[in-house]
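J.: below are the sequence and a predicted model for it; my questions follow.
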Amino acid sequence: MAPQSALLTILAAALTLSASAELHRGVWFWNSTTLPGGGGASPHGSGVVVGDGTKEDETISFFTTHAVKRVYGSYQNRPMTEPSVIGAWNAKLDAAGIMSQVLIDFNDVDDPAEVADMLVKVTNRLINFNTAMGVDDAAKFDALHMDFEPQGLPVWSGASAAVKRVLLDDLADTYAAVRAHLDGAGFTAMPMFADIPFWFDKLPVDGGSIGWVDAADRDAWFAGIGVSLDGVSVMTFSKDTAPAVETATLYERTGSFPGTARMAIQPKCGVGYLWPTILHFNSVINDLEAVHAPVNSTDVENYGLWRWSIAETSPSVGDPISVTIGLSDVTPWPGTGGGDGPILVFNGLAGYIYTVKHGTGLGQSQWTDVAQVRTRSDHEGEILNVPVKAKG
């Protein structure tokens, strides 16, 4: 135990928890991911994994263990050049109960020639591929996932609010063009999903950078893209608490967009990053899912970063438990009418129950149980917060 908690001890015991059946996570599975801090290329990109049976099985085991039900896979031209490999991978995902969405990224929504080229990719990587799979539905892609980001265009930087508003109309038109392209090829039942940043909905009066005329103009745009899209993943990669993510995605989840809105967070953990450890990330995603899963569930960007953060920042069994004391005089404990003691904050490893005990001296033989708390998953640790009464 750390010296600052001399009269409180924490005991841990292993337990088995059932996996949460209602979780419905998604994950971006890019062809390659450059790791932070000069770490090179991730060994968990689709270009490395897909086609290697052992790596595929290990990846799917990770997905099922961590409640992933949707994979947004970028495979470049491999649906054209290696259709049997991609088809076999899709079939493995299908057997594991995981939806396979082909991921296409694109920025140039303001250029008709570039839009036409992008539609060719949709033809080759989805329409022609699925058609070639014939009656083998398990080998086909289940949906199209679009990472179309006009905010990545050079013209966006320094553009006026009015210009950005026009670019969002171009984005909406591009979604509609893709929908019409699929429908024209007979893929009328093919779902379409897209990624958008959380700040698209922010009005100028609230400090937003998009030149919405008013709330009605904003609402009409979101209702309009809902004609083309079945759902959006709302990217909140700068938000580091569950309340902040909920606030950032509130409009998409409850406003004029008629489809589903999923909350996307990025698991970049470590010194200088959004969360210190993967346990902090897990706490946020668990808090979100406790309220919003499965409909407005969570997406993780991306698989390579997720695996990297786990490897780099996960504590191990046997590590000393470090406890931070937080005073509770600002926020009363829920349901107690007010707090009169500290809040213990410490790492909770996956699959353990922790008992906090109180005593008046380190040498005594009897300790009084103060609280018990456990991690919410038998596969993922998290940061635990235990309010305790001040005694002695």
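T.: Thanks, I have the structure now. Numbers count the residues shown, from 1 in each chain.

J.: stretch 223-242 spans what distance, first to last residue?
T.: Chord length of stretch 223-242, first to last residue, is 26 Å (CA to CA, to the nearest Å).

J.: chain center to it, what's the gap?
T.: 11 Å (CA atoms, centre = their mean, to the nearest Å).

J.: repeat that for stretch 294-304.
T.: For stretch 294-304, the distance between its averaged C-alpha position and the chain's averaged C-alpha position is 3 Å (CA atoms, centre = their mean).

J.: for it, the averaged confidence score.
T.: Per-residue pLDDT values over stretch 294-304 give a mean of 94.

J.: buried residues, that stretch. List them.
T.: The neighbour-count check on stretch 294-304 (16 or more other CB atoms under 10 Å) flags P294, N296, S297, T298, D299, V300, E301, N302, Y303, G304 as buried. In short, each C-beta sits where N, CA and C put it, glycine included.

J.: okay if I get those residues as TSV plus distance to G38 and secondary structure?
T.: Below are the buried residues of stretch 294-304 laid out as TSV (distance: CB to CB, whole Å; DSSP: H, G, I helix; E, B strand; the rest coil):
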residue	distance to G38	secondary structure
P294	38	coil
N296	36	coil
S297	33	coil
T298	29	strand
D299	27	strand
V300	23	strand
E301	20	coil
N302	18	coil
Y303	20	helix
G304	15	helix
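
J.: tabulate those residues (TSV), appending distance to D169.
T.: Written out in TSV, the entries for the buried residues of stretch 294-304 read as follows (distance: CB to CB, whole Å):
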residue	distance to D169
P294	33
N296	26
S297	29
T298	30
D299	26
V300	30
E301	26
N302	29
Y303	33
G304	34
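
J.: and which of those residues is nearest to L35?
T.: Of all the buried residues of stretch 294-304, the one with the least separation from L35 (CB to CB) is G304, at 6.9 Å.

J.: the closest one and S46 touch, don't they?
T.: No. The pair G304 and S46 does not pass the contact test of CB atoms under 8 Å, sitting 9.5 Å apart.

J.: overlap in contacts, those two.
T.: Shared between the contact lists of G304 and S46 (criterion: CB atoms under 8 Å, 6 or more residues apart in numbering) are residues W30.

J.: helices of the stretch 1-150 of the chain, start to end?
T.: Assigned by DSSP state H, counting those that start in this stretch, the stretch 1-150 of the chain shows helices spanning 46-49, 53-65, 78-81, 83-95, 112-122, 128-132.

J.: can you give me the strands in the chain?
T.: In the chain, strands defined by DSSP state E lie at 8-14, 25-29, 68-73, 99-106, 143-148, 192-197, 231-235, 260-265, 298-300, 324-327, 342-348, 352-358, 368-374, 382-387, listed in chain order.

J.: direction included, what does the second one pair up with?
T.: Sheet pairing for strand 25-29, assigned by DSSP bridges, gives strand 68-73 (parallel), strand 298-300 (parallel).

J.: could you dump those into a markdown table with distance to G351 added?
T.: Formatted as a markdown table, the entries for the strands paired with strand 25-29 read as follows, by distance: least, CB to CB, whole Å:
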| stretch | distance to G351 |
| --- | --- |
| strand 68-73 | 19 |
| strand 298-300 | 21 |
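
J.: can you give me the buried ones in stretch 202-221?
T.: Going by neighbour count (16+ other CB under 10 Å), the buried part of stretch 202-221 is K202, L203, G208, I210, G211, W212, R218, D219, W221.

J.: and if you look at stretch 372-392?
T.: Under the neighbour-count criterion of 16+ other CB under 10 Å, stretch 372-392 has 373-384, 386-388 buried.

J.: what's the most distant pair in these?
T.: For the buried residues of stretch 372-392, with distances taken as CB to CB, the pair at the greatest spread is H379 and V388 (27.7 Å).

J.: quick one: low-confidence ranges for the protein?
T.: Filtered on pLDDT under 70, the chain yields the residue ranges 1-21, 326-341, 390-392.
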